[in-house]
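Asks: sequence and computational prediction follow.
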Amino acid sequence: TKFRQSYTTITTYKEAREDSREKTCRDISKIVLNRIYRLQNPQSCSTARKIICGHFGAGMGATLHHWVYCLNYAYYTNRTMLIDTSQWQYLKDVQTEDGVKSFDQFFLPISKCSYTDQDKKIAVNWKNRSIMESTDITKSPKVIRLIHIGTIFNDLPLAPKTAHYAMPEDIFYDAVKFKYNPMAWWTGFLAKYLIRPQKNLQQFIDQSRRTLQLQSPIVGLHIRGTDKKQEAK
């Protein structure tokens, strides 16, 4: 019937659109991942210009948010982002059953370069855009230590340009083809790169999914009972 034909046509069109969006997403993801990989693995670690992202007393979610902001800025300024993971704040005073004590035991390294004593010695704390974002590389410091994301909104005009929800323009116009909110996709993509699981963690995740019989879509509920609990009073 005509109704049946129309329904079939609409369904076929919808499936084609979904396939097209998925393909676009895969293609753009591959391009972005290659760009990040080149930035994070320069030919020479000693001469590479770098962004240093530190730790602070917060949970994993807030820490990851801070690291995403750092990686976003590294991408924007064509620098390599490094984290001092020797003392991972999230595992402070925590005794794990398998003896895990550091970030690298959970997640893959974000760069082939390491945060060296020389980097620590010459790193310049963020001051303002005019100096830190100068196009003249003789004026811009070789190694920049970014300020904590929780303090940037106190003086946003002096903060890094990418601190307040920014992403590459060319990627934005491609991402909007498959994502209503491209910034959400971009932030998630950077976070995903930063916490790529080590083999043992991936095996644990896979086994947990099978045990719990998880199916998509999955909705996560985060009950924040620490600082937000105090703010609510």
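Replies: Alright, I've got the coordinates. This is a predicted model, so every value here is computed, not measured.
Asks: residue contacts, D119?
Replies: 50, 52, 82, 143 (C-beta atoms under 8 Å, 6 or more residues apart in numbering). Every residue, glycine included, has its C-beta placed from N, CA and C.
Asks: ok, then the element right after the one helix or strand in the chain whose mean pLDDT sits lowest?
Replies: Among the helical and strand segments of the chain, the one scoring lowest on mean pLDDT, DSSP states H and E is helix 129-132, with a mean of 60. On the C-terminal side of helix 129-132, the nearest following helix or strand under DSSP states H and E is strand 143-145.
Asks: and the helix or strand following that following strand, what other elements does it pack with?
Replies: Later in the chain than strand 143-145, the nearest helix or strand by DSSP H and E is helix 169-175. Judged by 3 or more C-beta pairs under 8 Å, 6 or more residues apart in numbering; DSSP states H and E, the packing partners of helix 169-175 are helix 2-40, helix 182-194.
Asks: which parts of the shortest one are buried?
Replies: Within helix 182-194, the residues scored as buried using 16 or more other C-beta atoms under 10 Å are 182, 185-187, 189-190, 193-194.
Asks: I'd like to know how many residues surround L221.
Replies: Using other C-beta atoms under 10 Å, L221 has 4 neighbouring residues.
Asks: which of the three states applies to it?
Replies: Three-state call for L221 (DSSP: H, G, I helix; E, B strand; the rest coil): coil.
Asks: look up phi and psi at it.
Replies: phi -120, psi 120 (degrees, to the nearest 10).
Asks: going forward, count from 563.
Replies: OK, 563 is where the count begins now, so the last one is L783.
Asks: from T773, how far off is it?
Replies: L783 sits 19 Å away from T773, going by C-beta to C-beta, to the nearest Å.
Asks: could you do F740 as well?
Replies: With C-beta to C-beta as the criterion, F740 and T773 are 32 Å apart.
Asks: name the nearest residue to I757, ignoring sequence neighbours.
Replies: Excluding the flanking residues, the one nearest I757 by C-beta to C-beta, 6 or more residues apart in numbering is F669, at 5.1 Å.
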